[in-house]
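Engineer: Need coordinates for the following:
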Amino acid sequence: MRFKLALLEAIKSASQRALAAYWDRLATGRRFPAFTDLKPDPEMYDPKQLVVWDVEGEGRNLKFRALYQGDKVAEVFNSAWAGKTMEQVVPMSLRRLTLDDAKECVTSGCLVYSVFSTIDSHEQQVNCERLLMPFGRDDNKVEQILASLQLTSIRGGVRRKKILGSFALQADVLFSGKIPSGFTSTVGSVSQNGREGRKADRRDNLRGSQYFGDRRGPRRRQPRQSSGKNSCWSWKWNPWCGGARSSGARKPRSAFASAGSGRRPLPARL
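Structural biologist: Model prediction:
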């Protein structure tokens, strides 16, 4: 698959554009930022739509192992990915598309953005917008990839549990491009990006993009209640210490919190 150079404006989703701009600001002066620098505003993104991959090996032995899988991604694929490789979790007919994107992200050190399209059982077009963001401690090697996945439909109402079968039967590539770092101004702050992300999230909901089949329509944000504790999901990274073993956790998210810490995963609290 050929990846043409693209601009930030090629990314359709406003929330994904905000996340890409945040990534670029973290990478100021570098090809890509370190994963330990990733501390986005919790309202900039939806962790249920994210996947974190650890990059292992080189060349023909290059593999991508899942460290974290969002709940909505798990619902679409009906499986838990923690500790498994991309080849193990993606259907055979979609492996070339998914692996080509990931390999390009590692090789180029660029953002890789793709749009895949299919026709569901109700004869309506459904698109999958996929943004891959590389991370590493230096400019010589990509060590982690953060993937943002969004399902969109003009009519809305994507059926998450059944749409994978449609993509497995037919997946047309509408767009595939790469975006090098350095496309945003160095002036700004994380808090400013947080405001951009919140506005982007509202715009995405108002335009009718039903992420992974949420039929509830535009969401109304509830006032945040101060608890005196930071309840945000932690992005702290520790070196990979082997495949994550099943812990009996009810939610795939718990595997990400422990996959790179060297400790056994703890069962998720209900």
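Engineer: Could you list the low-pLDDT ranges of this structure?
Structural biologist: In the predicted model, the chain carries pLDDT under 70 at residues 1, 156-157, 159-160, 185-270.
Engineer: Could I get the full set of strands for it?
Structural biologist: Listed in chain order, the strands of the chain (DSSP state E) span 4-5, 50-56, 63-69, 111-119, 125-135, 144-153, 172-179.
Engineer: mind checking which of those strands is nearest Leu99?
Structural biologist: strand 63-69 (7.9 Å; CB to CB). Heads up, the C-betas are built off the backbone N, CA and C, glycines and all.
Engineer: Give the buried residues for the closest one.
Structural biologist: Lys63, Phe64, Arg65, Ala66, Leu67, Tyr68, Gln69 (16 or more other CB atoms under 10 Å).
Engineer: by contact count, what packs against it?
Structural biologist: strand 50-56, helix 86-89, helix 253-259 (3 or more CB pairs under 8 Å, 6 or more residues apart in numbering; DSSP states H and E).
Engineer: make it 7 Å
Structural biologist: Packing contacts for strand 63-69, counted by 3 or more CB pairs under 7 Å, 6 or more residues apart in numbering; DSSP states H and E, involve strand 50-56, helix 253-259.
Engineer: The first one pairs with which strands, parallel or anti?
Structural biologist: Sheet pairing for strand 50-56, assigned by DSSP bridges, gives strand 63-69 (antiparallel), strand 144-153 (antiparallel).
Engineer: Output those in CSV; the columns should cover distance to Lys4.
Structural biologist: What follows is the strands paired with strand 50-56, written out as CSV (distance: least, CB to CB, whole Å):
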stretch, distance to Lys4
strand 63-69, 23
strand 144-153, 20
